[in-house]
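Would you be able to build a 3D model of this:
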Amino acid sequence: MTYEALIPVIRRLAIEAGDKIMEIYNSDDFDVKVKSDDSPVTAADEAADALISAGLRSAFPDMMLVTEEQSESHKTRGDTFLIVDPLDGTKEFIHRRGDFTVNIALVEKGVPTRGVVYAPAKQRMFFTLADGSTVEEVSAAGVFDPQVIGETRALSVAQSDNAALMVVASKSHRDQATEDYIGKYNVKDSKSAGSSLKFCLVATGEADIYPRVGRTMEWDTAAGHAVLSGAGGKVVRFDDHSPLLYGKEDYANPFFIAYAPDVELKEA
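You can find the predicted model right below:
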């Protein structure tokens, strides 16, 4: 598998999955079920997962695949694999707040190297190119062609001013521990966002730092991590500021910080 072959496929699958999700999102009603870990799942999660996993297995049959909605895939082990969250931000979807994304990423030797994050309700598409750089695709008509990449703009993190930082934090999981850590910085302003969009806001320079003091899984973060890395950003563990790595035994992440490199990180 080459990067040149990978990128058009994951971009196309993200768009097609986004279309499926929006059909359900715009319907009069949809059922919400509860998984064994008490997290919600909808028909949109399941439809998007079926589409993406079938497409990836067809295109890259020899590549290990981990996807949130297929528990059997969580038993596989390796340091190089494709990883999918077909609908990140299910709570945002259920409450029709729009801050949900389709996430597909490639992890190599424990590091997310390529990925796509698509927010269909917001019509924002972020992905890495074959060379590893990150772009946002611009859709003037509000529609992305799954077969053809349209106009793009290269992304780069902000040149951060540590006397006036812009912080982004979780919309659904912002707690006192998060507020206490943010309070260690000189903050100009802060915003809330759902799903992996928080990584993308750092990648675009709309925010300087995103601290996550709460539970996440690798499929929640891998695509956003790849997008941010391609724009010059970093993602490190909250406790010791070492790089956040992937392929862990249970695919659970420690707390972490995503940020532009000029930010002077504070201790936990």
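
all contacts plus neighbour counts: C-alpha atoms, from now on.
OK.

which parts of stretch 198-217 are buried?
Using 16 or more other C-alpha atoms under 10 Å as the test for burial, stretch 198-217 gives 198-213, 217.

Mind checking the pLDDT average for it?
Stretch 198-217 comes out with an average pLDDT of 96.

Tell me which residues are up against it.
The contact list for stretch 198-217 (C-alpha atoms under 8 Å, 6 or more residues apart in numbering) reads 126, 155-158, 160, 165-170, 173, 177-178, 181-182, 224-225, 227-229, 231-233, 238, 251-260, 263.

Equivalent analysis for stretch 187-194, please.
By C-alpha under 8 Å, 6+ apart, stretch 187-194 touches 89, 92, 99-100, 163-172.

can you pull out the helices in this structure?
Applying DSSP state H to the chain gives helices spanning 3-25, 43-59, 90-94, 176-182, 197-203, 218-230.

want to throw these into TSV with distance to D131?
As requested, the helices of the chain are exported to TSV (distance: least, C-alpha to C-alpha, whole Å):
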stretch	distance to D131
helix 3-25	8
helix 43-59	20
helix 90-94	31
helix 176-182	34
helix 197-203	16
helix 218-230	9
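
The lowest-mean-pLDDT helix or strand in the chain - contacts with which helices or strands?
Within the chain, no helix or strand scores below strand 32-34, which has a mean of 71 by mean pLDDT, DSSP states H and E. When contacts are defined as 3 or more C-alpha pairs under 8 Å, 6 or more residues apart in numbering; DSSP states H and E, strand 32-34 sits against strand 40-42.

What are the buried residues along the strand it packs on?
Here strand 40-42 shows V41, T42 as buried, counting by 16+ other C-alpha under 10 Å.

Show me what it is packed up against.
strand 32-34, helix 90-94.

that older thread, report the buried members of the contacts of stretch 187-194.
Going by neighbour count (16+ other C-alpha under 10 Å), those have G89, E92, D99, F100, L165, M166, V167, V168, A169, S170, K171 buried.
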